[in-house]
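J.: sequence and computational prediction follow.
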Amino acid sequence: MQPLFPCLAAPDDRPVLTVDGRTLSAAQVVAAAARHVAALTALGVRPGDHVGVWTQPDLRSALALAANALAGVVSVPLNPRLGASEAAHVASDAAPRFCFAADPQAVPAGPLGRPLMLDHLLDETCPSEHVTMREIDEAPMLVLYTSGTTGLPKGAVLSAANIAHNLDALASAWLWTAADAVVHALPLFHVHGLVLGWFGSLRVGGCLRWLPRFEPASLAAALCRGRTILFAVPTMFHRLAEAAEADPAVAEGLRAARLLISGSAGLGVREHQRIAALCGRGVYERYGLTETLINCALPVSGPPRPGYVGPPLPGVELRLCDDQRRTIAAGDDETIGEVVVRGPQVFTGYLNNPVATAAVRDAEGWFYTGDLATRDQSGALRIVGRRATDLIKSGGFKIGAGEIEACLADHPEVREAAVIGVDDPDLGERIVAFVVARDPAAPPSAEALIQHVAAALAPHKRPRALHFVAELPRNAMGKLLKSGLRALAASRCS
């Protein structure tokens, strides 16, 4: 069988990880992994056991996660900002045998216990063991917790096979090879930073330059060294654009990158245009979930398409379904359906939660994402929101909140926007928008923004009410909390 990380199966002096100015070669990563395997063995940890890693912004956090993968133990990446109730849930659900941290003193004592130090990873005097290279098997490799926007977070179990198949498909779409260095400043407790950024670099044999703290100038400098790919989220691209307007060196860094990739949420059309104008380079988007990894990505064989996340990746089956889970055949880029996927990238299930697993994955292996999208004739998807929170039924029409949010965000005086549907005796639901103005001291009029939507979209998609807010409510993962907007709407109407 093929090793999961081929570059570590025959380690040499090629650089594979750079953090805070320190670079490690493939051989040094394997040596660190060997010391970690010895430490796990001494603790009685066996393959298949759960081991927590507090993903602090430190070189040793990345090393521990790679070493766990090679050792065959199941990593439970832990957000350093977990609250006490969240930590208690992870402790009871995942029940990690031990937890590790680069800086145990910075982790609050709680249900997960005091973590063990990771100093042995870089201590050449520590004993080590032979490391058997992890093969592409169906055994669990990660338990990644969802953001918990609708209840307690669920632990999505991902296998080595899930991860390898998905990374290979992305490498094909992006022409991603060992010659590329990925640059990112993303956390290592979810898919984008850990699976794509770190494990993806190891899979293709390239290097990850991880900046544990997002800072535009440092990110731009890292992009200027060799053939590079930037992984970032929309908020980061927005801040990079602002920095590039003030600092030519940031713009130069964006121009130097071979590829700019945005994910985790939709990047607004205006931001696409802004970055292209600043650096002459477009941004490619992709679409996925924790449970399915990446389902769609725009291939670099064609140009970026603002607003679109591309067709399904090789090996991914995808369809759109209606409320009764019947397939929608339309490719008119207008008909909205729920995105449903099947393929080797789909997770093995939720940890200790077969009922939740059965609710989203049917007997034929189709996973119901809860995301709403349209599809054009080429097969490219345009995500318009979440079924649970973003499908608004108003006046007999099905309307995606995301389409209205994107339209509002394209207005030059709008920084952010969110849209919900609230009960209405006449329409069923009426559209209500919440807007963060670019200049809070001089916002545009609500009527002007409503007319902006009415002019750009069909008239039934215009907001019936629009409220200005200082900021949009978000959880610790940065996900928008529409429950908070519903409470705000109720208070403003009372």
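T.: Arrived safely.

J.: can you give me the helices in the stretch 1-150 of the chain?
T.: For the stretch 1-150 of the chain, applying DSSP state H, counting those that start in this stretch gives helices covering 6-9, 26-42, 59-71, 84-94.

J.: could you dump the ones you listed to a markdown table with distance to Glu416?
T.: Quick note: C-beta positions are derived from backbone N, CA and C, even for glycine. Output for those, formatted as a markdown table (distance: least, C-beta to C-beta, whole Å):
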| stretch | distance to Glu416 |
| --- | --- |
| helix 6-9 | 40 |
| helix 26-42 | 39 |
| helix 59-71 | 31 |
| helix 84-94 | 25 |
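
J.: just say which of the ones you listed is most tucked in.
T.: For those, the largest average neighbour count (mean count of other C-beta atoms under 10 Å) is found in helix 59-71, namely a mean of 25.

J.: for the nearest residue to Ser61 once chain neighbours are set aside, what are phi and psi?
T.: Take Ser61 and drop its neighbours on the chain: the residue closest to it by C-beta to C-beta, 6 or more residues apart in numbering is Thr55, 5.1 Å away. Dihedral pair for Thr55: phi -80, psi 60, per degrees, to the nearest 10.

J.: Thr55 and Asn79 touch, don't they?
T.: Yes: proximity of Thr55 to Asn79 meets the contact threshold set by C-beta atoms under 8 Å, at 6.8 Å.

J.: who has more neighbours, those two?
T.: Thr55 (24 against 20; other C-beta atoms under 10 Å).

J.: ends of stretch 228-236, how far apart?
T.: By C-alpha to C-alpha, to the nearest Å, the extent of stretch 228-236 from end to end equals 17 Å.

J.: list the buried ones in that stretch?
T.: When burial is assessed from 16 or more other C-beta atoms under 10 Å, stretch 228-236 yields the following buried residues: 228-234, 236.

J.: farthest pair within those residues?
T.: Thr228 and Pro234 (19.6 Å; C-beta to C-beta).

J.: what helix or strand does Glu429 sit in?
T.: Using DSSP states H and E, Glu429 sits in strand 428-437.

J.: right, and the helix or strand after that strand?
T.: That would be, after strand 428-437 and using DSSP H and E, helix 446-456.

J.: give me the distance from the next helix or strand after that following helix to the chain's centre.
T.: Note on helix 446-456: by DSSP H and E, the next helix or strand toward the C-terminus is strand 465-468. Relative to its chain's centre, strand 465-468 lies at 29 Å (C-alpha atoms, centre = their mean, to the nearest Å).

J.: distance check, Ala109 against Ala84.
T.: 10 Å (C-beta to C-beta, to the nearest Å).

J.: Gly110 now?
T.: 5 Å.

J.: before we move on, what about Arg464?
T.: Here Arg464 is placed at a distance of 41 Å from Ala84 (C-beta to C-beta).

J.: over to Phe231?
T.: Distance from Phe231 to Ala84, by C-beta to C-beta: 31 Å.

J.: what do you get for Gln273?
T.: Applying C-beta to C-beta to Gln273 and Ala84 gives a distance of 44 Å.

J.: which non-adjacent residue is nearest Asp371?
T.: Val339 (4.6 Å).

J.: just checking, that neighbour touches Arg375?
T.: No: applying C-beta under 8 Å as the test, Val339 and Arg375 come out as separate, 9.2 Å apart.

J.: now the strands for the stretch 301-450 of the chain?
T.: 317-321, 327-328, 337-342, 349-350, 367-375, 381-386, 391-394, 397-400, 414-424, 428-437 (DSSP state E, counting those that start in this stretch).

J.: which one, of these, ends up nearest to Asp119?
T.: strand 349-350 (34.2 Å).

J.: give the pairing partners of the closest one; include direction for each.
T.: Looking at strand 349-350 with DSSP bridges, its partner strands are strand 155-159 (antiparallel).

J.: what's the neighbour count on the residue lying closest to Ala297 once chain neighbours are set aside?
T.: In space, and not counting its chain neighbours, Ala297 is closest to Arg286: 3.8 Å by C-beta to C-beta, 6+ apart. When neighbours are defined as other C-beta under 10 Å, Arg286 has 22 of them.

J.: on the three-state scheme, Ile294 is what?
T.: strand (DSSP: H, G, I helix; E, B strand; the rest coil).

J.: so it sits against Asp168, correct?
T.: No: the criterion here is C-beta under 8 Å, and Ile294 misses it with Asp168 at 11.3 Å.

J.: and Val19, what's its pLDDT?
T.: Looking at Val19, its pLDDT is 97.

J.: wait, doesn't it sit right on Asp58?
T.: Yes: if you go by C-beta under 8 Å, Val19 and Asp58 touch, sitting 7.4 Å apart.

J.: so where's the stretch 101-250 of the chain uncertain?
T.: By pLDDT under 70, the low-scoring segments of the stretch 101-250 of the chain are 147-151.

J.: how about the strands in it?
T.: Counting by DSSP E, counting those that start in this stretch, the strands of the stretch 101-250 of the chain are 116-117, 140-145, 155-159, 181-184, 207-210, 228-232.

J.: and Gly365, which of the ones you listed is closest to it?
T.: Judging these by C-beta to C-beta, what sits closest to Gly365 is strand 155-159, at 14.1 Å.

J.: can you dump the C-alpha coordinates of that closest one into PDB?
T.: Extracted C-alpha coordinates of strand 155-159, given in PDB (Å, rounded to 0.1, in the frame of the first residue of the first chain):
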ATOM      1  CA  GLY A 155     -16.900  14.800  16.600                       C
ATOM      2  CA  ALA A 156     -16.500  14.000  12.900                       C
ATOM      3  CA  VAL A 157     -14.300  10.900  12.500                       C
ATOM      4  CA  LEU A 158     -12.000  11.100   9.400                       C
ATOM      5  CA  SER A 159      -9.900   8.200   8.200                       C
END
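
J.: what is in contact with Val339 and Arg375 at once?
T.: Residues touching both Val339 and Arg375 (C-beta atoms under 8 Å, 6 or more residues apart in numbering): 320, 381.

J.: okay, now the domains of the chain?
T.: According to automatic domain parsing, the chain comprises the domains 6-375, 395-493.

J.: list the residues that contact Arg258.
T.: Under the criterion of C-beta under 8 Å, 6+ apart, the neighbours of Arg258 are 180, 227-229.

J.: hmm, which two among those are most spread apart?
T.: Most distant of the contacts of Arg258, by C-beta to C-beta, are Arg227 and Ile229, 8.1 Å apart.
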